[in-house]
Every structure is written in structure tokens, then in C-alpha cells.
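Chemist: turn this into a model:
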Amino acid sequence: QVQLVESGGGLVEPGGSLRLSCAASRSISSLRAMGWYRQAPGKQREVVAVITRDDSTNYADSVKGRFTISRDNAKNTVYLQMNSLKPEDTAMYYCNLDVVNLGFGDWRGLGSWGEGTLVTVSS
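Modeler: Next comes the predicted model:
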């Protein structure tokens, strides 16, 4: 099973930016869909952004226009560029490299989860 490592989190002020990386242990070029998820304290994990094999993207309404998911097949890495960060974006962020669309916006991560990377937005 593919191993993955998330990185790039940290403490940032509101309005700031971060870029998260998800490095995979093998090629990602043939994977059907990959995604970023987040879990805030006391809340369930939620999907943030998904990128499919044909490079189409989907975003949670709360991050549309601020976050961008992308991938670099040569580096086996998926990125999440986060701009105009808000305090409500504070969460542990995880990636998943085997995501399926169950319909009605339910993008389910079926692959293994990494340890995540913590994003804290605070002044």
C-alpha cells in the first residue's frame, strides 16, 4: 500500500498563505483521484479539495476561490495552496491518495492516512 507524508503546516496569521505537500512512496500518475481533508478539534474530518486523474478539481464551498489543489507526477506529490487563510481553517490536514465519489459531494478517502500536518491560523 502506498505510503504518504504530509508537510507544510504551521502557524500563520489571518490572510496569510501556506502550501501543503503530500509526498507518496510510488507513482501517483495513474491514481483515480486524490484529495486533501481536514479535521478541526471536536469536529469530523471533512473533504477540502479533490483532484482526479484527468486533473479536474472539486472544492468544499468554504475554501473555493482561496485554495488550489495540484499535483506533480514527476515528484509523486500532491499540493494544497492555501491563500487568504481564516481562523476557521485551523485544523489537522490529511491527504488521501485513493478517493472515490459516492455522489452528492461525498468524496470518500479509501486509502491509508498519514499523520497529517497541523495548520493554525491565528493572530
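Chemist: which stretch of helix or strand covers the residue most central in space within the chain?
Modeler: Centroid-nearest residue in the chain, with Cα atoms, centre = their mean: W36, separated by 2.0 Å. Assigned by DSSP states H and E, W36 belongs to strand 33-39.
Chemist: please enumerate the strands of the protein.
Modeler: 4-7, 10-12, 18-24, 33-39, 46-52, 57-59, 67-72, 77-82, 91-96, 99-101, 107-109, 117-121 (DSSP state E).
Chemist: what is the fifth one packed up against?
Modeler: Right, the one you point to is strand 46-52. Helices and strands touching strand 46-52, as assessed by 3 or more Cβ pairs under 8 Å, 6 or more residues apart in numbering; DSSP states H and E, comprise strand 33-39, strand 57-59, strand 67-72, strand 77-82, strand 107-109. C-betas here are computed from N, CA, C, even on glycine.
Chemist: state the mean pLDDT of stretch 57-72.
Modeler: Mean pLDDT, computed over stretch 57-72, is 97.
Chemist: can you measure across that stretch, start residue to end residue?
Modeler: Taking Cα to Cα, to the nearest Å, stretch 57-72 runs 14 Å from one end to the other.
Chemist: quick one: residues in contact with that stretch.
Modeler: With Cβ atoms under 8 Å, 6 or more residues apart in numbering as the test, stretch 57-72 has contacts from 28, 34-36, 46-51, 55, 77-85, 88-89, 105, 107.
Chemist: just the buried subset of these, please.
Modeler: For those, a neighbour count by 16 or more other Cβ atoms under 10 Å gives the buried set as 28, 34-36, 47-51, 77-80, 82, 85, 89, 107.
Chemist: dump the strand holding W36 to CSV, restricted to CA.
Modeler: Provided in CSV are the C-alpha atoms of strand 33-39 (Å, rounded to 0.1, in the frame of the first residue of the first chain):
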residue,chain,number,x,y,z
ALA,A,33,-8.5,10.7,-7.5
MET,A,34,-6.6,12.2,-4.6
GLY,A,35,-7.7,14.6,-2.0
TRP,A,36,-7.0,16.8,1.0
TYR,A,37,-9.1,16.5,4.1
ARG,A,38,-9.1,18.4,7.4
GLN,A,39,-10.3,17.8,10.9
